[in-house]
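Turn this into a structure:
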Amino acid sequence: MKASVQVKADILKAMLAEDRQEVRTARSLIYSMTSAFIIASFTLTSILLKPDSTPDSGQSQKAVHIVFVMDACIVPVIWVIFGVLKRHVRNAQKCVRLRQRLINSLDDSVQPYPDLDIAPTPTEPPDIRHGDLWWVPIIATVMIGLQAFIISFFRR
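Down below sits the predicted model:
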């Protein structure tokens, strides 16, 4: 059974809405993941450096080193997870662009699923680059680095 152009358009519109929601969800996940790591870093630092938990200077210095190592481990995790999620956002944005192109070229001869000649080439950039997402892990890295710097040099 062949579907009408209206049915094909409705299917593509539903897929386009899902693709856009996926882009929004992945962007939101980047923000919330980074925020959670920053809060975790600050919380663990405050727990480890509580004044009554480190009575002598030897233990205090050891706690400072633990905090520094902990922060040094959190920052690469933030960047790895950001890289994976950024790639997911980019691929989802390519799907949005593909669906938009299919809707724009829809007639009786076009099927809801594209052939290889309709699909965008791998070198073709997506419509939206999401360059603003780079600020999220950069700011997180600066905040955690500043925290480690302040604790290392001003906690004596």
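
Spatially nearest residue to Thr45 (excluding sequence neighbours)?
Val67 (5.1 Å; CB to CB, 6 or more residues apart in numbering). (Glycine included, C-beta is placed from N, CA and C.)

what's the following helix or strand after the longest helix belonging to the chain?
As assigned by DSSP state H, the longest helix anywhere in the chain is helix 57-104. Using DSSP states H and E, the helix or strand that follows helix 57-104 towards the C-terminus is helix 135-154.

For that following helix, name the packing helices and strands.
Secondary-structure packing of helix 135-154 (3 or more CB pairs under 8 Å, 6 or more residues apart in numbering; DSSP states H and E): helix 5-48, helix 57-104.

angle of the longest one against helix 135-154?
It stands for helix 57-104. 170 degrees (axes from the mean of the first three to the mean of the last three CA atoms, to 10 degrees).

between helix 57-104 and helix 5-48, how big is the angle?
Using the same axes, to 10 degrees: helix 57-104 against helix 5-48 is 170 degrees.

what mean pLDDT does helix 57-104 have?
Helix 57-104 comes out with an average pLDDT of 86.

what does the first one give?
In this model, helix 5-48 has a mean pLDDT of 88.

Run the chain-centre distance for that helix.
7 Å (CA atoms, centre = their mean, to the nearest Å).

cool, and stretch 3-17?
29 Å.

follow-up on the earlier one: kindly reformat the helices and strands packed on helix 135-154 as a markdown table containing distance to Met143 and mean neighbour count.
A markdown table is the format used below for these (distance: least, CB to CB, whole Å; neighbours: other CB atoms under 10 Å):
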| stretch | distance to Met143 | mean neighbour count |
| --- | --- | --- |
| helix 5-48 | 6 | 15 |
| helix 57-104 | 10 | 16 |
